[in-house]
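Participant: Need coordinates for the following:
(chains A and B)
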There are 2 protein chains.
Amino acid sequence: MSGRLAVIGLGPGDARWITPEAETALTAADAVYGYGAYLDRVPARPRQSRHPSDNREEGARAAAALAHATRGAHVAIVSGGDPGVFAMAATVCAEIEAGPPAWRELDIAIVPGITAMLAVAARVGAPLGHDFCALSLSDNLKPWDLIERRLAAAASAGFIIAIYNPVSQARPWQLGAAFDCVGKLLPALAPVIFGRAIGRGDERVEVTTLGAAKPVAADMATLVIIGSAETRTVMREGRTPLVYTSRAVASARI
Amino acid sequence: MSGRLAVIGLGPGDARWITPEAETALTAADAVYGYGAYLDRVPARPRQSRHPSDNREEGARAAAALAHATRGAHVAIVSGGDPGVFAMAATVCAEIEAGPPAWRELDIAIVPGITAMLAVAARVGAPLGHDFCALSLSDNLKPWDLIERRLAAAASAGFIIAIYNPVSQARPWQLGAAFDCVGKLLPALAPVIFGRAIGRGDERVEVTTLGAAKPVAADMATLVIIGSAETRTVMREGRTPLVYTSRAVASARI
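Facilitator: Got it, this is the predicted structure:
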């Protein structure tokens, strides 16, 4: 049997977002690797070994899974959301590039999933209905001045901005700095959405404005969407407002 | 019975990307609206009416579905990919904003799906593993100079760029102009991926470079990803290369 590694996206917390392709890939695996909290979302299967690891051990996890697959096993690594968005698929590719030649001979499959920004956007309407960008606010792996430059470029050019990893215990001030940065370029009434733990029992969604947004509304499980000057809020009696961005810019709207 | 409208993402062509949530929402619908080609992907169900319409009739389709729901029905609109990304969810929100008060009282659910860029990225590795943007190249709804400004802003700031709607019969030159625009800002060796009809029988994936990319490789069913200066290609004997972008920028890499 030749070795195979599948990097599988589980989507955000709700099992109803796990695709049939992901289910099939999980069923076919001899061994499943992943950050413990994601592995906990995968039911145990007979004759399938489980290899939880810490959130910060991504490179070592990918290497262990690749080495396991070269012994002829069908190995899976699970990610929350989509494995290609700020997650394990890039780590696996980097390990393959740096690793032994045998790793390049493996059958590698990336199984896409619903990434957090799509799930958060769906909860409020369609804020990502126009050109948008996705940006990780973590300055562990890139310098903060580059992040500010990207935020400014995106806001100036009219992209809606989806912010992954807005805060952590070690990064308490970055989201406030990001709001300040785009606040110089966007209207104070631009909608801001905090989507926390989407699809889990403790889900919370808040719609506010850039002028009123408080960084304390976000934690490690939150994704933040900052609308553009074109993003609109539609109030509804007794319901959460709808937030959307039209595909047409105002100047071109028919 | 109070009216309900679900806007449902079917993902790209492969049925294995339709989530359980989408299946449940389809099963619960009394009526299904959608562009004919998307509706064809939904098996007919007993006691469920079907309302196909043309690709260009998005506003009218949304309005008809909303009016239908106000009569107390459970109505679904289907979209390919994710309904919130250049698709029907924003159109529905815009119709609600412009429409009669009764439309604001409906129960609106957006059901997310795998959007094309995630599926294309998965086929080649993890090109979207770092900060990225999604941009529609259609200048039907926004001026071309704004599109060029966004392309330049994204490329200059180091975002990977996913291009939706790269060409159509009425828009033959725009993709070439986009390559020229970013070609002034990115290395000629930056990877470019053409992903056509992903998940369908006629799927085709091509990995090339910005210097060698030919717009003729794209058609209406193609999504194009343009890597950044940090996007890497890993050659593999007898297999398609892996393309990925590290979460760490080179200057911050450990």
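
Participant: Run a quick neighbour tally on the closest residue to A:Ala250 other than its chain neighbours.
Facilitator: Using C-beta to C-beta, 6 or more residues apart in numbering or on different chains and skipping residues adjacent in sequence, the residue nearest A:Ala250 is A:Glu230, 6.4 Å away. Using the backbone N, CA and C atoms, a C-beta is placed for each residue, glycine as well. A:Glu230: 21 surrounding residues under other C-beta atoms under 10 Å in any protein chain shown.

Participant: OK, contacts around A:Glu230?
Facilitator: The neighbourhood of A:Glu230, defined by C-beta atoms under 8 Å, 6 or more residues apart in numbering or on different chains, consists of A:His130, A:Gly158, A:Thr245, A:Ser246, A:Val249, A:Ala250.

Participant: A:Thr27 too?
Facilitator: A:Arg45.

Participant: tell me the secondary structure for it?
Facilitator: helix (DSSP: H, G, I helix; E, B strand; the rest coil).

Participant: Mind telling me which residue of the stretch 101-250 of chain A is nearest chain B?
Facilitator: Distance from chain B to each residue of the stretch 101-250 of chain A (C-beta to the nearest C-beta) is smallest for A:Gly129, at 2.9 Å.

Participant: Quick one: mean pLDDT for stretch A:194-206?
Facilitator: Model confidence over stretch A:194-206 averages 96 on the pLDDT scale.

Participant: about what we covered before: any quick PyMOL command for the buried ones out of the contacts of A:Glu230?
Facilitator: For anyone working in PyMOL, the buried entries among the contacts of A:Glu230, judged by 16 or more other C-beta atoms under 10 Å in any protein chain shown, can be selected with:
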select buried, chain A and resi 130+158+245+246+249
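
Participant: Any stretches of chain A with poor pLDDT?
Facilitator: Scanning chain A with the threshold set as pLDDT under 70 gives A:1, A:251-254.

Participant: The same query, at a cut-off of 50, please.
Facilitator: Within chain A, the stretches with pLDDT under 50 are A:253-254.

Participant: ok, the residue nearest to A:Ala250 to B:Ile226 distance?
Facilitator: When distance is defined by C-beta to C-beta, to the nearest Å, A:Glu230 is 24 Å away from B:Ile226.

Participant: Over to A:Leu189. Which of the three states is it?
Facilitator: Classification of A:Leu189 using three-state DSSP returns coil.

Participant: Bridge partners for the closest residue in space to it that isn't next to it in sequence, pull those for me.
Facilitator: When the adjacent residues along the chain are set aside, A:Leu189 lies closest to A:Thr209, with 5.1 Å between them (C-beta to C-beta, 6+ apart). Partner residues in beta bridges with A:Thr209: A:Pro191, with DSSP bridges as the criterion.

Participant: isn't A:Thr209 right up against A:Ala188?
Facilitator: Yes. Checked against C-beta atoms under 8 Å, the pair A:Thr209 and A:Ala188 is within contact range at 6.3 Å.

Participant: Settle it for me: which of the two has more neighbours?
Facilitator: Using other C-beta under 10 Å, the more surrounded residue of A:Thr209 and A:Ala188 is A:Thr209, with 15 against 10.

Participant: Might you report the residue contacts of the more buried one?
Facilitator: Contacts for A:Thr209 (C-beta under 8 Å, 6+ apart) come out as A:Ala188, A:Leu189, A:Ala190, A:Pro191, A:Val192.

Participant: What of A:Ile198?
Facilitator: By C-beta under 8 Å, 6+ apart, the contact set of A:Ile198 is A:Pro12, A:Gly13, A:Asp14, A:Ala116, A:Ala119, A:Val120, A:Arg123, A:Val205, A:Leu223.

Participant: same question, A:Ala6
Facilitator: Under the criterion of C-beta under 8 Å, 6+ apart, the contact partners of A:Ala6 comprise A:Ala25, A:Ala28, A:Ala29, A:His74, A:Val75, A:Ala76, A:Ile77, A:Ile108, A:Ala109, A:Ile110, A:Val111.

Participant: got a winner among these for most neighbours?
Facilitator: The most crowded member of the contacts of A:Ala6 is A:Ile77, carrying 32 neighbours; neighbours defined as other C-beta under 10 Å.

Participant: just the strands in the stretch 101-250 of chain A please.
Facilitator: With DSSP state E, counting those that start in this stretch as the definition, the stretch 101-250 of chain A shows strands at residue ranges A:107-111, A:125-126, A:132-136, A:160-164, A:191-196, A:204-209, A:222-226, A:231-236, A:239-245.

Participant: Can you give the contact residues for the second one?
Facilitator: When you say that, I think you mean strand A:125-126. Under the contact criterion C-beta under 8 Å, 6+ apart, strand A:125-126 has outside partners A:234, A:242-245, B:83-84, B:89-90, B:92-93, B:108, B:110.
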